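[1] Let me see the structure of the following:
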Amino acid sequence: MSRLDRRSGTFAALAVGNYRSYFFGAAVSQTGSWMQTIALGWMVVRLGGGGVELGIMAVLQFSPALVGGMIGGVIADRYDRRRLLVATQAAFAGVAASLTVLSAMGAARMWSLGLCAFCAGCVMTVDNPTRHSLAIELVGPKLVANALTLNSVAFNAARVVGPAIAGVVIGTVGTSWCFGINAVSFAAVIVPLMRVDVTKLYRPERAGPAGTGRIRDGLRYALETPEVRVPLVMIAVVGTLAFNWNVSVLLLARALDGGAGAYGALMTGMGVGAVTGGLVAAGRAASDHRRLCRAAIALGVLLLAASLAPNLPLAVGLLAASGVANITFVATANARLQLAARPDMRGRVMALWTMAFVGSTPIGGMLAGLAGELIDLRAGLAIGGIGAAAAGMVALAADASDRRDRGPATDDRPVRLRPGRRRREVAHHEREA
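    Here you go, the predicted model:
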């Protein structure tokens, strides 16, 4: 594996056979998931729902990750992550199949759609930390930053392609086909996972029996480890204030006197920027702290500028640029956490990531909506920009102060497994004593 670890370039992680088959399967599955997201929203509207009902669906889907995320992290640390991910993908397929039947039979009701959204959210509490933690097992620590950036590229590409396909499918053969296609698409992930060459996986240490004490261990570890704590706080702040595109960008489209076409153009611009920026960033993927802070500041400045844009073309261009900064920030934070986290704590750390990144969505969407109604339609996006820039500047200033305290001999190399390194250093000093 050392020869593969030394490879570099935009698609370096794809040289690893286990990851390559998983990557393309996940891209197919994510496209299907975006089709389901659009189809579910369309069904809510078709059943007479509006903004309130759509908001309730979002709360039902994402609140389990906020409330029970750490339980999912304990499970991810306790059990074999590859087999666990197969189980979660099968569960997602079951939810999609249920939606297919409800839609095809004309039996869908608001409560049944909400139940399906809640079930998907419960599965997500285990799936997200497991999926993120599996990346380093597939490619190893040297290529994990590149792999995570490529994952973000695939996700954003699916965000552009999936809704476009869903629009065509809904308009031609009906909503139930979107759910059915999504149900089948999970096989594209399950089959590669079942065919993984387990002898080439980077196996971590396993946690002990699951329980509340293990949850406390994970929280204590995250609070006491700066390399983990700082990215988590940053992603929580940026996720809550800035990552509510479905609300803040929609309000910006209204402020520009545009309708669905303007909203689609703005979201497409952001998605295209994220894909393009991700391909560039993947070639030099890293996890250093200053890069994370600079990406947050750039994201904040661009979002603030987009909120002030006087016309649609300029707003699209600025949001496309913000997509580049966004994917750099997310991939860098993710890689930094993966490399800094102790192997037996990685699932719980990534569960905290899910709680900060996904669980903050309903809260952030509500704040953006209130700001748009009470202050100005552009206020939600502007507040997100200010929050992201402030998080980056505070973290950068704190790091500069810490570096001054440590003295000039330190550097800012990409994060390695520091807890393990500290144990080795302690053992070395004890031998010398």
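
[2] quick one: the helix or strand in which I363 is found to chain centroid distance?
    Using DSSP states H and E, I363 sits within helix 361-374. Counting by C-alpha atoms, centre = their mean, to the nearest Å, helix 361-374 is centred 20 Å from the centre of its parent chain.

[3] Tell me which residues are up against it.
    55, 58-59, 62-63, 66, 239-244, 246-248, 251, 378-381, 383-384 (C-beta atoms under 8 Å, 6 or more residues apart in numbering). In this view, the C-beta of every residue, glycine as well, is placed from N, C-alpha and C.

[4] run the last query once more with 10 Å
    51, 54-56, 58-63, 65-66, 238-252, 254-255, 360, 377-384, 387 (C-beta atoms under 10 Å, 6 or more residues apart in numbering).

[5] could you pull out the helices for the stretch 301-433 of the chain?
    Using DSSP state H, counting those that start in this stretch, the helices assigned to the stretch 301-433 of the chain run over residues 312-340, 346-357, 361-374, 379-406, 418-432.

[6] Would you mind putting those into JSON lines with mean neighbour count and distance to C119 alongside?
    Formatted as JSON lines, the helices of the stretch 301-433 of the chain follow (neighbours: other C-beta atoms under 10 Å; distance: least, C-beta to C-beta, whole Å):
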{"stretch": "helix 312-340", "mean neighbour count": "24", "distance to C119": "26"}
{"stretch": "helix 346-357", "mean neighbour count": "28", "distance to C119": "17"}
{"stretch": "helix 361-374", "mean neighbour count": "19", "distance to C119": "17"}
{"stretch": "helix 379-406", "mean neighbour count": "19", "distance to C119": "30"}
{"stretch": "helix 418-432", "mean neighbour count": "10", "distance to C119": "36"}
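
[7] Would you reformat these as TSV and include mean pLDDT and distance to R229?
    Below are the helices of the stretch 301-433 of the chain laid out as TSV (pLDDT from 0 to 100; distance: least, C-beta to C-beta, whole Å):
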stretch	mean pLDDT	distance to R229
helix 312-340	86	10
helix 346-357	80	10
helix 361-374	76	20
helix 379-406	82	11
helix 418-432	45	13
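
[8] A145 is nearest to which of these?
    helix 312-340 (3.8 Å; C-beta to C-beta).

[9] gap between the closest one and the chain center?
    The answer for helix 312-340 is 11 Å, by C-alpha atoms, centre = their mean.

[10] which ones among the contacts of helix 361-374 are found in helices?
    51, 54-56, 58-63, 65-66, 238-241, 245-252, 254-255, 379-384, 387 (DSSP state H).

[11] Which members of these are classed as buried?
    54-56, 58-63, 65-66, 238-241, 245-252, 255, 379-384, 387 (16 or more other C-beta atoms under 10 Å).

[12] what about the residue lying closest to P192 once chain neighbours are set aside, helix or strand, and which?
    Spatial nearest neighbour of P192, excluding adjacent residues (C-beta to C-beta, 6 or more residues apart in numbering): S21 at 3.9 Å. Assigned by DSSP H and E, S21 belongs to helix 17-46.

[13] Would you check that M43 makes contact with M110?
    Yes - here M43 reaches M110: they are 9.2 Å apart, a contact under C-beta atoms under 10 Å.

[14] Which one's more surrounded, these two?
    M43 (22 against 15; other C-beta atoms under 10 Å).

[15] ok, F186 - contacts?
    Applying C-beta under 10 Å, 6+ apart to F186 gives the contacts 25, 28-29, 32-33, 86, 88-97.

[16] Excluding chain neighbours, what is closest to it?
    In this structure, F186 finds its nearest non-sequential neighbour in A93, 4.1 Å apart by C-beta to C-beta, 6+ apart.

[17] OK, contacts around the residue nearest to P192?
    S21 touches L14, L138, A188, V189, V191, P192, L193, R195, V196, D197, counting by C-beta under 10 Å, 6+ apart.

[18] Quick check, pLDDT for it.
    On pLDDT, S21 comes in at 89.

[19] Relative to Q30, how far out is it?
    Using C-beta to C-beta, to the nearest Å, S21 is found at 15 Å from Q30.

[20] Pick the one among the contacts of F186 closest to V316.
    Closest to V316, out of all of the contacts of F186 and judged by C-beta to C-beta, is S33, at 25.0 Å.

[21] so how many other residues sit close to that closest one?
    Neighbour tally, S33, other C-beta under 10 Å: 20.

[22] For stretch 263-282, give the mean pLDDT please.
    Here the average pLDDT along stretch 263-282 is 76.
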